[in-house]
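Undergrad: model the structure of this input:
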Amino acid sequence: MRTGLEAHLGSRQVGRVVYGSIIGLALVVAIESHPPRPGVMAVWLAGTALAVALAEVYSEVVGVETRTRHQVTRAQVGHMAEDAVAVGVGVAFPAVFFLLSALGVLEVDTAFTVAKWSGLGLIGFYGYWAARFSGATPLGSLVKGALVALIGAGLILLKSLVH
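TA: Numbering: from 1, shown residues only. Below is the predicted model:
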């Protein structure tokens, strides 16, 4: 597992997963005050993941074609699709907790709580490892991880202030 994790952390998809995680966290936070049934929430997250992934590919195709004045190649679309899948995984990640809630394993409120905190944790995890791999000390890496997790915490704080 460690080898797979290290390979993932060294991949191009890390930034895309973080980006998707922030979108998923924003959706969870926005919907929490009027929660749908947990199965509906899981489907909304999956649907949002698909929509964002398709938008990711489309926007990249448009960007490449307008910049280069050439159609994208199949290989380029393949790379774009890999990045889009990573974004989708980040968006859909919290759906797991809502599926568990739909199965009666978690209460709906617990699913929302775990989804929010795991989103913050995931964002902080990637921030920590980015710092470590770029040469920061363990303490400096913890600080960077905590600072990037504040992005998600800011979403949660904003929601609590306006609700």
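
Undergrad: so who does the residue nearest the centre of the chain touch?
TA: Ranked by distance to the mean C-alpha position of the chain (C-alpha atoms, centre = their mean), the top residue is residue 21 at 1.6 Å. By C-beta atoms under 8 Å, 6 or more residues apart in numbering, residue 21 lies in contact with 90-91, 93, 119, 122-123, 152. (Each C-beta comes from the backbone N, C-alpha and C, glycine too.)

Undergrad: turn these into CSV, columns for pLDDT, distance to residue 161 and neighbour count.
TA: Conversion of those to CSV gives the following (pLDDT from 0 to 100; distance: C-beta to C-beta, whole Å; neighbours: other C-beta atoms under 10 Å):
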residue, pLDDT, distance to residue 161, neighbour count
90, 94, 25, 29
91, 96, 24, 28
93, 95, 25, 21
119, 90, 19, 26
122, 91, 24, 22
123, 91, 20, 24
152, 75, 15, 24
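
Undergrad: what's the closest of these to residue 146?
TA: Nearest to residue 146 out of these is residue 123 (C-beta to C-beta; 10.2 Å).

Undergrad: now residue 62: how far from residue 56?
TA: According to C-beta to C-beta, to the nearest Å, residue 62 and residue 56 sit 11 Å apart.

Undergrad: please read the previous query as pertaining to residue 41.
TA: Computed as C-beta to C-beta, the residue 41 to residue 56 distance reads 22 Å.

Undergrad: who's more crowded, those two?
TA: The residue with more neighbours, out of residue 41 and residue 56, is residue 41; 26 against 21, by other C-beta atoms under 10 Å.

Undergrad: wait, the more buried one sits on residue 96?
TA: No. With contacts counted by C-beta atoms under 8 Å, residue 41 stays clear of residue 96, the gap being 11.2 Å.

Undergrad: next up, the contacts around the residue of the chain positioned farthest from its centre.
TA: Distance from the C-alpha centroid of the chain peaks at residue 69, with 31.6 Å (C-alpha atoms, centre = their mean). Counting by C-beta under 8 Å, 6+ apart, residue 69 touches no other residue.

Undergrad: which non-adjacent residue is nearest residue 124?
TA: residue 149 (3.5 Å; C-beta to C-beta, 6 or more residues apart in numbering).
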